[in-house]
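**Student:** Got a predicted model here, sequence first, then my questions.
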Amino acid sequence: MRKFLFISLVLMLSTFLSACNQTAKKTDGNQSDAEPISIMTSLYPLQYFAERIGEDMVKAESLLPPGSDAHTFEPTSKDMMSIAESDLFIYNGLGMESYAEKITKSLENEDTIMVEATKGVDAIASPHDHSEEGHHDEGEAAHEEEHHEEGDAAHEDEHHHGDYDPHVWLDPNRAIALAGNIRDALIDLHPEDKDAFIQNFNELKKDLEEIDAEFTSLAQESDHPEILVSHAAYGYWEDAYGIEQLAVAGLSPTDEPSQKELKEIIETAKEHSIHYVIFEQNVTTRIAEIIQKEINAKPLKVHNLSVLTESDIENNENYLTLMKKNIKTLEQAMND
């Protein structure tokens with residue numbers, strides 16, 4: 001049913017593009033100096049990076065509604081129209097957005113430029129593949145693009161993420177690489193603003209390096225490295241800083257553990273004297289709540305940053321402020 005709905009949306013998009021007056025978009029490759037670059041992003045961090053690098057030279061929006069789950073999100077026909085009318089569509093990649101590759105194909109003859117933010121970024125293996133070959137680099141980018149073909153449609157509809165962990169934006173160092181890809185895309189589109197884009201990127205890079213330093217200090221000074229989280233979104237913290245995630249669910253919150261795995265999680269949590277179960281801003285799993293009661297743990301909240309909540313927006317939170325709050329949460333969880 002989901003696959004049929006998506007095909008219908010793609011057909012609607014194709015019809016729209018054929019009927020659309022192409023003069024409404026830039027057709028000669030030139031754009032008024034007063035008109036900002038129109039950007040649609042899949043995830044919130046990509047919007048934030050684009051806004052920091054582009055400032056008033058861009059207008060960026062995220063597809064995901066406040067508080068939604070990025071793992072189960074499906075674009076509406078209105079969303080697809082918004083992408084088609086934008087100058088850039090920036091998506092994460094690594095299988096995070098099952099719809100992105102299909103949209104890319106449907107828009108390949110249009111003006112919208114597709115930017116895969118994780119292209120060339122060193123990605124770690126998913127929790128289901130801990131082999132030494134689990135890292136992803138630029139040489140394997142073509143493999144990633146081929147990973148989501150029609151033959152894999154069933155897996156895409158179920159939002160399986162494949163061989164790599166897509167939560168790259170949670171590592172501030174790798175986030176610099178994501179921002180670098182966005183910077184390069186903006187320079188390609190508006191080379192006359194290259195100096196401004198580079199300067200803004202360097203300022204963002206400095207902020208991300210400060211977050212990295214805080215994570216490093218946290219990991220070095222903590223009493224124990226283990227944290228019990230509701231789903232396995234934090235493998236990059238483990239890879240970069242040695243913060244060991246004990247995850248209730250898999251890469252997607254819908255990937256719940258078996259009875260055997262549930263028992264192992266509870267035993268491991270007790271063995272390491274885990275006193276907290278860390279939930280997320282937009283997802284609360286029933287299984288995590290069961291474990292919390294079973295080990296008599298207290299709840300804490302961490303922000304996975306994939307999407308802002310209404311409260312975040314009202315309080316003017318952003319990537320940096322939320323990461324700093326995450327560090328405070330981890331400090332409590334790793335020192336009690």
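**Tutor:** Arrived safely.
**Student:** Check the gap between Ser126 and Thr104 for me.
**Tutor:** Ser126 sits 22 Å away from Thr104, going by C-beta to C-beta, to the nearest Å. For every residue, glycine as well, the C-beta is placed using N, CA and C.
**Student:** now swap in Ala177 and tell me
**Tutor:** 21 Å.
**Student:** what's the nearest residue to Asp223 if we skip its chain neighbours?
**Tutor:** Distances taken as C-beta to C-beta, 6 or more residues apart in numbering place Asn335 nearest to Asp223, at 4.9 Å, with adjacent residues excluded.
**Student:** what kind of secondary structure is that neighbour in?
**Tutor:** State at Asn335, reduced to three classes by DSSP: H, G, I helix; E, B strand; the rest coil: coil.
**Student:** for it, what are its contacts?
**Tutor:** Ser222, Asp223, His224 (C-beta atoms under 8 Å, 6 or more residues apart in numbering).
**Student:** now Val229
**Tutor:** Going by C-beta under 8 Å, 6+ apart, the list of residues near Val229 reads Gln245, Leu246, Ala247, Val248, Val277, Ile278, Glu280, Val302.
**Student:** Among those residues, which lie within strands?
**Tutor:** Among the contacts of Val229, the members falling in strands (DSSP state E) are Gln245, Leu246, Ala247, Val248, Val277, Ile278, Glu280, Val302.
**Student:** Look up the pLDDT of the first one for me, please.
**Tutor:** It refers to Gln245. You'll see Gln245 listed with a pLDDT of 92.
**Student:** sorry, back to before: which of Ser126 and Thr104 has more residues huddled nearby?
**Tutor:** Legend: neighbour count by other C-beta atoms under 10 Å for Ser126 and Thr104, higher for Ser126 (21 against 17).
**Student:** With adjacent residues omitted, what lies nearest to that one?
**Tutor:** Using C-beta to C-beta, 6+ apart, the closest residue to Ser126 is Asp165 (5.2 Å).
**Student:** State the number of residues packed around that neighbour.
**Tutor:** 28.
**Student:** Now Asp239. Its backbone dihedrals?
**Tutor:** Phi and psi for Asp239, reported as degrees, to the nearest 10, are phi -70, psi -40.
**Student:** List the contacts of it.
**Tutor:** Ile124, Asp171.
**Student:** Leaving out sequence neighbours, find the closest residue to Val168.
**Tutor:** Closest residue to Val168 apart from its sequence neighbours, by C-beta to C-beta, 6+ apart: Arg174 at 4.9 Å.
**Student:** Help me confirm that the one you found comes into contact with Tyr236.
**Tutor:** Yes - using C-beta atoms under 8 Å, Arg174 is in contact with Tyr236, at 6.5 Å.
**Student:** Which neighbours do those two have in common?
**Tutor:** Contact criterion C-beta under 8 Å, 6+ apart; residues shared by Arg174 and Tyr236: Val168.
**Student:** Now do the same contact list for Asn92.
**Tutor:** So Asn92 contacts Ser42, Leu43, Leu46, Glu116, Ala117, Thr118, Pro166, Val168, Trp169 (C-beta under 8 Å, 6+ apart).
**Student:** Low-confidence stretches in the stretch 1-150 of the chain?
**Tutor:** Within the stretch 1-150 of the chain, the stretches with pLDDT under 70 are 1-34, 109, 128-150.
**Student:** for it, what spans make up the strands?
**Tutor:** All strands of the stretch 1-150 of the chain, identified by DSSP state E, counting those that start in this stretch, fall at 37-41, 58-62, 88-91, 113-116.
**Student:** Asp79: which of the ones you listed is closest?
**Tutor:** Closest of these to Asp79 is strand 37-41, at 8.2 Å (criterion: C-beta to C-beta).
**Student:** The closest one pairs with which strands, and in what direction?
**Tutor:** If you go by DSSP bridges, strand 37-41 pairs up with strand 58-62 (parallel), strand 88-91 (parallel).
**Student:** how about those strands in TSV, adding distance to Gln292 and mean neighbour count?
**Tutor:** Output for these, formatted as TSV (distance: least, C-beta to C-beta, whole Å; neighbours: other C-beta atoms under 10 Å):
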stretch	distance to Gln292	mean neighbour count
strand 58-62	31	20
strand 88-91	34	25
